[in-house]
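In: Fold the following, please.
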Amino acid sequence: MIDWSHVQQLCLEVGTEDFDEVVELFFEEVEDTLSRLEERNDTANLAADMHFLKGSALSLGFSEMSQLCHAAEKSAENGASDSVNIGAILQVYSASKQEFLADYRVKLAA
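Out: All right, here's what the predicted structure looks like:
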């Protein structure tokens with residue numbers, strides 16, 4: 001669910017003193033986008049939103065979420081927005097976030 005080697009590399013690049021800020025910004029931006037998707041039925045920007053979520057998830061090592069968003073982005077681009085399961089993406093995000101928050105300090109200290 002989490003690509004810990006990627007998280008460790010990002011932490012090294014950003015620096016441990018700034019990493020918590022990166023994590024906080026990630027959660028804020030992703031949750032804002034997910035909330036917007038959950039609340040609306042408009043699919044006009046679905047591909048762009050999925051592209052943003054895919055990249056954001058990938059940047060913080062949320063590999064499973066990134067894969068789901070990639071598939072959703074392609075579906076939206078191909079006119080199959082109705083097949084995009086926002087609920088599944090929310091579920092994977094929630095589980096990934098829980099795992100990340102429970103383990104990231106230990107994993108980065110290793």
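In: Could I get the contacting residues of D82?
Out: Going by Cβ atoms under 8 Å, 6 or more residues apart in numbering, D82 touches T43. Where you see a C-beta, it was placed from the backbone N, CA and C, and this is true even at glycine.
In: one more time with 10 Å, if that's ok
Out: T43, L46, S75, A76 (Cβ atoms under 10 Å, 6 or more residues apart in numbering).
In: Just want to check the distance between the third one and A102.
Out: As for S75, its distance to A102 is 31 Å (criterion: Cβ to Cβ, to the nearest Å).
In: This protein: strands as residue ranges?
Out: Assigned strands in the chain: none (criterion: DSSP state E).
In: Tell me which residue is most central in it.
Out: In the chain, the residue lying closest to the centroid (Cα atoms, centre = their mean) is A57, at 2.9 Å.
In: wouldn't that one be in contact with A72 here?
Out: No: with contact defined as Cβ atoms under 10 Å, A57 and A72 do not form a contacting pair (11.4 Å).
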